[in-house]
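A.B. asks: pasted the sequence and its predicted model underneath.
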Amino acid sequence: MNDNELVLLDVDGGVATITLNRSRAQNAFDGALARRLSEIVRRVMKNDTVRVVVLRGNGPAFCIGADLATFFRHRGDPSPMVREILGDLNEVSLALREGGRLVISSIHGRTVGIGLSLAIQADFCVAADTTTLTPAYALLGLPPDGGATRAAAERIGIRRAIQLYLGEQTLDADRGLELGLIDRLVPAAELEQATRELSNRLAQNSADAILHTKALLRQSMSTPHAVQLFAEMEAIIDCMGTEFYRTELRKRIQTILQS
């Protein structure tokens, strides 16, 4: 790994670990970091061996949000800069949501603004007990971005999401866990190990089962029941045609016969 890289990528055993590496700026997003993250995520989504994506940050914070110095420099006409940065981060959000991989955010320290947006979009948010969550948008007179409005509504409901983004300043890790923004809370010294154990276990899942399960659940609230039942049946049939299913079925039958 090159410590000068803005984003680091490590792929091992079906797990792709993506690390924000602008640690001197506490991983604040400027155009270069957003662009590089988008490039790395697109590369990961083309790798058929990857079943789990871990998103983490180097340094004292997971991510402190947008680089406000960049925003200040473009205060006269911010729209081109916003479209550039959020264009890249929107691609990241879409890929993580619809890319057919399980996503883990492994967070610590300050998690602010767009950093919080990325964290709560993950299927599993594992946090160190030193984590703080700061929406920050209302303080700047802005609405949430980067997929936060959907992710927060799915995790904690629309009313609580409104309260989060318009009524809260900073939450500690315990409060984040209580609300459902965080899924698992661990001592800071155990964050890396806990993330590794979870990611390795999840990587044992069938890639097809991951893809179908996530897609079925995403569509379930807006799909007529009869259509959803048919989609579930077709997904089962599709997965039964995979080598993973045939191999696992043989293993299960052998286990039963030997017991």
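C.D. replies: Noted; the coordinates are in hand. Numbers count the residues shown, from 1 in each chain.

A.B. asks: only C-alpha atoms from now on, for both contacts and neighbour counts.
C.D. replies: Will do.

A.B. asks: and whichever strand or helix holds D10, what other elements does it pack with?
C.D. replies: Using DSSP states H and E, D10 sits within strand 7-12. For strand 7-12, the contact count by 3 or more C-alpha pairs under 8 Å, 6 or more residues apart in numbering; DSSP states H and E identifies strand 15-20, helix 31-45 as packing neighbours.

A.B. asks: can you tell me which of those is packed in deepest?
C.D. replies: strand 15-20 (a mean of 23; mean count of other C-alpha atoms under 10 Å).

A.B. asks: who touches that strand?
C.D. replies: Contacts of strand 15-20 with the rest of the structure, by C-alpha atoms under 8 Å, 6 or more residues apart in numbering, involve 6-11, 27, 37, 40, 44, 50-58, 62-63, 199-200, 203.

A.B. asks: just the buried members of those residues?
C.D. replies: 6-9, 11, 27, 37, 44, 50-58, 62-63, 199-200, 203 (16 or more other C-alpha atoms under 10 Å).

A.B. asks: who's in contact with L179?
C.D. replies: The neighbours of L179, taking C-alpha under 8 Å, 6+ apart as the test, are I156.

A.B. asks: any idea of the mean pLDDT in the one helix or strand I256 maps to?
C.D. replies: Element membership for I256, per DSSP H and E: helix 243-258. Throughout helix 243-258, pLDDT has a mean value of 84.

A.B. asks: buried residues, it. List them.
C.D. replies: Y245.

A.B. asks: now do it: everything it contacts.
C.D. replies: Counting by C-alpha under 8 Å, 6+ apart, residues outside helix 243-258 touching it are S206, C239, M240.
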